[in-house]
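**Student:** Here you go, sequence then predicted model.
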Amino acid sequence: MVQGCDIAVIGGGPAGLAAAEILAASGRTVTLYDRMPSLGRKLLMAGRGGLNLTHSEPLPAFLSRYHPAQSLTEAIRAFPPASLRQWCAELGQPTFVGSSGRVFPESFKASPLLRAWLARLAEHGVAIRPRHRLTGISEGALTFETPEGDLTVRPTATLLALGGASWPRLGSDGAWVPLLEGLGAAVAPLRPANAGFACAWSDTFRERHAGTPLKRIALTVAGETVPGEAIVTRTGLEGGAVYALSRPLREAILAEGSARLVVDLRPDLGVEVLAARLSTGRKGDSLSARLRKAAGLSPVAIGLLREAAGAAPPADPGALARLIKAAPLTLTGMMGLDRAISTAGGVDLGALDGNAMLRVRPGLFLAGEMLDWEAPTGGYLLQGSIAGGRAAAGGMLRWLADQGLAQKPTRPVASAGQDAPSPS
């Protein structure tokens, strides 16, 4: 079957939903296709931890979190965190700023926001087509695999927001890569971002401390330091501070086979203060007792210190203080895409023009995580995806106006040998 279509948006994640909203609000007739039975599944997964929507830090610092530099600057300046919060409020989902500066909906859930968002799209007349897997992109046509059989759609313009390849069971499986490469687009390999890393723990440390958080620490790699928390896993480390360093850690492992991560277990205290504290204490105290009482280390921090030392930690207070402030760990690998929060790699940003249109295929626009940008957790991923989807929709509207392209009829058109079905 062949169908006419005005605007096709493919991908029902935050970028696709944001683009569909802007396009439909402008008066275009929008059909949104997604391969899953329902939309926003990864958004709902993110909501399990409270749905960190964005961050309240000053905009210059906020923009510096994205790599490559300037990759989403224009999109986020056009729709900054304050605008996202206002947008949430207009959907009936007011937000608040947490103690860390992160922004959450007051409900602390994703499902109320998603329901309100989908209701707005319905008000704008957006048609939702679930269980439609994109299988081909040719000149002026898209092909889908559906429960009713293969479908060909001929839209006026198309916006792809197909995600990366993290959490593939939620819909983003990277199956679009050969389709875009077939069009001549440069695509960087999809790799894990915001994921855990492997470290060869001893059996004793693994059995005692797997699942235990390391709180109020600072991590350093290649001169870049991030304060925060991490979690010891059976195979290594994960958590917010680790995710923030995932790019330099990943690049070091790809280049050298391993990465050196330095852990400051007491970033609030200097070496001299720690050494002085460790010089005191009761005669006969064990090393663990000294570390617990004088240095204020938790059992998991003491265990990590032993792992970093590779043998018994030094008894000298100065040397022990220096180890506490710079405990080295060797990370040997990164968790796979199926466990990553987000994806690095994707379509090269240089393949797009100023309207987010693929240069080699006029009328085809791209947005979201399928593009080659990355950011840490903390609200940056959702902000970037939503702002990027809106910006790509704006670019499409400008291009349509420049081309003088009015809406196409949306009535299905019969292919040869078929009767035209009634409009859906």
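**Tutor:** Yes, it's here. Numbering: from 1, shown residues only.
**Student:** How about the contacts made by Ile10?
**Tutor:** Shown in contact with Ile10 (C-beta atoms under 8 Å, 6 or more residues apart in numbering): 16, 32-34, 134, 142, 158-162. Where C-beta positions appear, they are placed from N, C-alpha and C, glycine not excepted.
**Student:** Please apply the same query to Pro147.
**Tutor:** Neighbours of Pro147 in contact, by C-beta under 8 Å, 6+ apart: Arg131.
**Student:** and which of the contacts of Ile10 is nearest to Gln86?
**Tutor:** In terms of C-beta to C-beta, no member of the contacts of Ile10 lies closer to Gln86 than Gly16, at 21.2 Å.
**Student:** ok, for the closest one, nearest residue in space, not its chain neighbours?
**Tutor:** Nearest non-adjacent residue to Gly16, counting by C-beta to C-beta, 6 or more residues apart in numbering: Ala161, 3.6 Å away.
**Student:** any idea how far the one you found is from Ser38?
**Tutor:** 16 Å (C-beta to C-beta, to the nearest Å).
**Student:** Give me the more crowded residue out of these two.
**Tutor:** More crowded of Ala161 and Ser38, by other C-beta atoms under 10 Å: Ala161, with 30 against 14.
**Student:** hmm, back to that, in helices, which of the contacts of Ile10 fall?
**Tutor:** Among those, DSSP state H puts Gly16 in helices.
**Student:** Could you point out which residue ranges in the stretch 251-400 of the chain have low pLDDT?
**Tutor:** Within the stretch 251-400 of the chain, the segments meeting pLDDT under 70 span 281.
**Student:** Sketch out the strands for it, chain order is fine.
**Tutor:** 259-264, 327-334, 342-347, 364-366 (DSSP state E, counting those that start in this stretch).
**Student:** other SSEs contacting the shortest one?
**Tutor:** Just to be clear, that refers to strand 364-366. Where contact means 3 or more C-beta pairs under 8 Å, 6 or more residues apart in numbering; DSSP states H and E, strand 364-366 is packed against strand 149-160, helix 380-403.
**Student:** redo that, cut-off 10 Å
**Tutor:** strand 2-10, helix 14-25, strand 149-160, helix 380-403 (3 or more C-beta pairs under 10 Å, 6 or more residues apart in numbering; DSSP states H and E).
**Student:** Now render these as a markdown table, adding distance to Glu307.
**Tutor:** Output for the helices and strands packed on strand 364-366, formatted as a markdown table (distance: least, C-beta to C-beta, whole Å):
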| stretch | distance to Glu307 |
| --- | --- |
| strand 2-10 | 47 |
| helix 14-25 | 39 |
| strand 149-160 | 45 |
| helix 380-403 | 31 |
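**Student:** which of these sits most buried?
**Tutor:** When you average the neighbours per residue for each of these (mean count of other C-beta atoms under 10 Å), helix 14-25 leads with a mean of 27.
**Student:** so how far is that one off the chain centroid?
**Tutor:** 19 Å (C-alpha atoms, centre = their mean, to the nearest Å).
**Student:** ok, now stretch 156-164?
**Tutor:** With C-alpha atoms, centre = their mean, you get 17 Å for stretch 156-164.
**Student:** Equivalent analysis for stretch 149-163, please.
**Tutor:** The answer for stretch 149-163 is 24 Å, by C-alpha atoms, centre = their mean.
**Student:** CA atoms only: put that stretch into CSV for me.
**Tutor:** Taking Å, rounded to 0.1, in the frame of the first residue of the first chain, the C-alpha atoms of stretch 149-163 are listed here in CSV:
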residue,chain,number,x,y,z
GLY,A,149,2.2,-5.7,5.9
ASP,A,150,4.7,-3.4,4.1
LEU,A,151,3.7,0.2,3.7
THR,A,152,5.1,3.0,1.5
VAL,A,153,4.7,6.6,2.5
ARG,A,154,5.4,9.6,0.3
PRO,A,155,5.7,12.7,2.6
THR,A,156,6.4,16.3,1.7
ALA,A,157,9.2,16.2,4.3
THR,A,158,10.5,13.8,6.9
LEU,A,159,12.2,14.2,10.3
LEU,A,160,14.1,11.3,11.7
ALA,A,161,14.5,11.1,15.5
LEU,A,162,15.5,7.4,15.8
GLY,A,163,17.6,7.6,18.9
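**Student:** In the sheet, which residues pair with the residue nearest the centre of the chain? Tell me.
**Tutor:** Per C-alpha atoms, centre = their mean, the C-alpha nearest to the average position across the chain is that of Ser342, at 3.7 Å. Following DSSP bridges, Ser342 is listed with bridge partners Ala193.
**Student:** how near is it to Tyr380?
**Tutor:** From Ser342 to Tyr380 the distance is 10 Å (C-beta to C-beta).
**Student:** can you list residues touching both of those two?
**Tutor:** Taking C-beta atoms under 10 Å, 6 or more residues apart in numbering as the criterion, Ser342 and Tyr380 both touch 194, 374.
**Student:** Would you mind giving the secondary structure of Ala75?
**Tutor:** What DSSP: H, G, I helix; E, B strand; the rest coil gives for Ala75 is helix.
**Student:** check contacts around the residue nearest to it when sequence neighbours are not counted.
**Tutor:** In this structure, Ala75 finds its nearest non-sequential neighbour in Ala391, 3.7 Å apart by C-beta to C-beta, 6+ apart. If you count contacts by C-beta under 10 Å, 6+ apart, Ala391 has them with 15, 18-19, 22, 72, 74-79, 355-356, 365, 367.
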